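Enquirer: Take this sequence and fold it.
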Amino acid sequence: MADQEQAEIRLMAARLRQEHEDYDTAINAMIATGCDALRIQRMKKKKLVIKDKLTKLEDQIIPDIIA
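Expert: Next comes the predicted model:
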């Protein structure tokens, strides 16, 4: 993998990590204020989708090495 391509993937991963943290903060605030459970559930689902995307990107950066 080229250095440029790997740098772009790392940048996308950093953005997703930040977005994941933002969702976490928003969800905790929604729970603290007693927001509707359905809205919280939807936010958690979006957060999980972001985590899945992040995992896929990290897998591209770190190859599996069979020992």
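Enquirer: measure Leu48 to Ile27 for me?
Expert: To Ile27, Leu48 is 11 Å away according to CB to CB, to the nearest Å. For the C-beta atoms, the positions are set from N, CA and C on the backbone; glycine is no exception.
Enquirer: Same check on Met12?
Expert: Note on Met12: its distance to Ile27, by CB to CB, is 22 Å.
Enquirer: neighbour count winner among these two?
Expert: Ile27 (18 against 14; other CB atoms under 10 Å).
Enquirer: Excluding chain neighbours, give the residue nearest to that one in space.
Expert: Closest residue in space to Ile27, ignoring its immediate chain neighbours: Met43 at 5.0 Å, by CB to CB, 6 or more residues apart in numbering.
Enquirer: which ones are touching that neighbour?
Expert: Tyr23, Ala26, Ile27, Met30 (CB atoms under 8 Å, 6 or more residues apart in numbering).
Enquirer: buried stuff in the helix or strand hosting it?
Expert: If you go by DSSP states H and E, Met43 is part of helix 37-61. Judged by neighbour count using 16 or more other CB atoms under 10 Å, the buried positions of helix 37-61 are Ile40, Met43, Lys47, Ile50, Leu54, Leu57.
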